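Peer 1: Here you go, sequence then predicted model.
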Amino acid sequence: MGKPTISDVAKAAGLSVTTVSHAFSGRRHVDPATRERIHAIAQELGYHPSSVAQQLRSGRTGTIALASSMPFAVAAGPSRLGFLMEIAASAAMAAFSRDIALCLIPPQPSPANLNQMGFDGVILVEPERDDPLVRHFEARRTPVVTIGKVPEREDIPAIDLYSAEGTRLLLDHLWENGARQIALLTGASERTSHLEARRIYAEFAATQGFSPQALLLDEAKGEGGAKELVTHLLRDHPEINGLLVPVDAFASGAVAAAKDLGKSIPGELSIATRYDGLRAKLSEPPLTALDLHLSQLAEAAVALLLAHIEGAPGVTPVPVPSLVPRRSSLRREG
């Protein structure tokens, strides 16, 4: 059984989480008899308010934020259930279990709007080199941790997405399933995931002895931009029989381009992406992807941020990605 939470205390007491929180924090009036009963139940369950919650009266807001500089086209997409949203759901649960609220900042927010908000700390998802959000929050002395390392910023606490390992997994899979001329399409921004994918791809092409075709695309162009770019690529290089497209929005565009050109998937062209989200699962054919274990990454990021706020070292073991093979790359033998 896991560590008891404030929700467990509230359930046992037959009260709302808000009332129990006020009983511990003293920020709002709670009937003395009710407060004593809450404390007795908490003691029986072995629940202790987090140090972060206890310090709210000394100036903390009790709120952390989740933000990303990725454009909406790749961070969430039309369904609004993409990469960023999946992380947000798990991070919100992890924060709530620690008596902390999580605020989701929409992709590419205006700094002017952020100036009106106060947070105890911020989790940034896949920041780029010299990210404007990093600059903004550091200028305001707001503690920052990241999911995905900031290029050349080892001083910022980060949860590793293992982009190099994930890229190798996907390339090895494509190769093992018969793709011998593989192209790569990543975002043009300098995020660690893009930089690592390009580096590992170049090494892989050199090792296997095929001519690399590494394309870059502005993330804001999304699925439509990827479709146009991949259409030109496949027309100019008909020998390409494998595509690694880590950004799932770009992968959807690649599938559309292949279909318009009459290329069978995976018969003539194998395709794999990184994030195993709705785009990968609902694609036709479904796309080979990676399980990034986002719920565990989000929980680790919340724990790391709260430790960082308190000036304590954070221990954040997270699993490496695992392959989710699907029809887009599994060629029939013979």
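Peer 2: Right, received. Where do you want to start?

Peer 1: Show the pLDDT at Leu306.
Peer 2: Reading off the confidence values, Leu306 has pLDDT 88.

Peer 1: Touching, it and Pro143? I think so.
Peer 2: No - using Cβ atoms under 8 Å, Leu306 makes no contact with Pro143, being 9.2 Å away. Glycine gets a C-beta too; all of them are placed from N, C-alpha and C.

Peer 1: intersection of neighbour lists for those two?
Peer 2: Taking Cβ atoms under 8 Å, 6 or more residues apart in numbering as the criterion, Leu306 and Pro143 both touch Gly121.

Peer 1: if you go through this structure in chain order, where are the helices?
Peer 2: Counting by DSSP state H, residue ranges of the helices within the chain are 6-13, 17-25, 32-45, 51-54, 72-75, 83-96, 111-114, 132-139, 163-176, 192-208, 222-236, 248-260, 278-282, 294-309.

Peer 1: So for the second one, mean pLDDT?
Peer 2: For helix 17-25, mean pLDDT rounds to 78.

Peer 1: Next, the angle from it to helix 83-96.
Peer 2: 50 degrees (axes from the mean of the first three to the mean of the last three Cα atoms, to 10 degrees).

Peer 1: What helices and strands are in contact with helix 17-25?
Peer 2: Identification of packing neighbours for helix 17-25 by 3 or more Cβ pairs under 8 Å, 6 or more residues apart in numbering; DSSP states H and E yields helix 6-13, helix 32-45, helix 51-54.

Peer 1: for the first one, same thing?
Peer 2: Under the contact criterion of 3+ Cβ pairs under 8 Å, 6+ apart, helix 6-13 touches helix 17-25, helix 32-45.

Peer 1: Pick the most buried one from the helices and strands packed on helix 17-25.
Peer 2: Per residue and on average, the most neighbours among these fall to helix 6-13, with a mean of 18 (mean count of other Cβ atoms under 10 Å).

Peer 1: hang on, the earlier thing: check the helices of the chain for me: which has the lowest mean pLDDT.
Peer 2: Mean pLDDT across the helices of the chain is lowest at helix 51-54; the value there is a mean of 50.

Peer 1: And this protein, what are its domain boundaries?
Peer 2: Structural domains assigned to the chain are 6-49, 63-161+294-321, 163-291+323-329, following automatic domain parsing.

Peer 1: how far does the longest one stretch from start to finish?
Peer 2: Which is domain 163-291+323-329. For domain 163-291+323-329, the separation between the terminal residues is 20 Å (Cα to Cα, to the nearest Å).

Peer 1: Can you give the distance of that domain from its chain's centre?
Peer 2: The gap between the average C-alpha position of domain 163-291+323-329 and the chain average comes to 19 Å, counting by Cα atoms, centre = their mean, to the nearest Å.

Peer 1: do the same with stretch 94-102
Peer 2: Put simply, stretch 94-102 sits 18 Å off its chain's centre (Cα atoms, centre = their mean).

Peer 1: Quote the end-to-end distance of that stretch.
Peer 2: Counting by Cα to Cα, the terminal residues of stretch 94-102 are separated by 9 Å.

Peer 1: Show residues contacting that stretch.
Peer 2: When contacts are taken as Cβ under 8 Å, 6+ apart, the neighbours of stretch 94-102 outside the stretch itself are 5-7, 21, 24, 49-50, 52-53, 62-66, 88, 91-92, 120, 298-299, 302-303, 306.

Peer 1: Repeat that for stretch 205-223.
Peer 2: Surrounding stretch 205-223, the residues in contact under the criterion Cβ under 8 Å, 6+ apart are 70-71, 73-74, 77, 175, 180-189, 198, 201-202, 225-226, 229, 233, 237, 240, 247, 249-250, 252-253, 256.

Peer 1: Report the buried residues of it.
Peer 2: Judged by neighbour count using 16 or more other Cβ atoms under 10 Å, the buried positions of stretch 205-223 are 205, 210, 212-213, 215, 217, 219, 221-223.

Peer 1: sorry, back to before: of the helices and strands packed on helix 17-25, which is nearest Ser283?
Peer 2: Of all the helices and strands packed on helix 17-25, it is helix 6-13 that lies closest to Ser283, at 37.1 Å by Cβ to Cβ.

Peer 1: rewinding a little: widest-spaced pair of the buried residues of stretch 205-223?
Peer 2: The largest distance within the buried residues of stretch 205-223, taken as Cβ to Cβ, falls between Phe210 and Gly222 and amounts to 28.3 Å.

Peer 1: before we move on, the earlier item: kindly reformat the buried residues of stretch 205-223 as JSON lines containing distance to Lys11.
Peer 2: What follows is the buried residues of stretch 205-223, written out as JSON lines (distance: Cβ to Cβ, whole Å):
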{"residue": "Ala205", "distance to Lys11": "56"}
{"residue": "Phe210", "distance to Lys11": "59"}
{"residue": "Pro212", "distance to Lys11": "57"}
{"residue": "Gln213", "distance to Lys11": "57"}
{"residue": "Leu215", "distance to Lys11": "53"}
{"residue": "Leu217", "distance to Lys11": "49"}
{"residue": "Glu219", "distance to Lys11": "43"}
{"residue": "Lys221", "distance to Lys11": "48"}
{"residue": "Gly222", "distance to Lys11": "43"}
{"residue": "Glu223", "distance to Lys11": "44"}
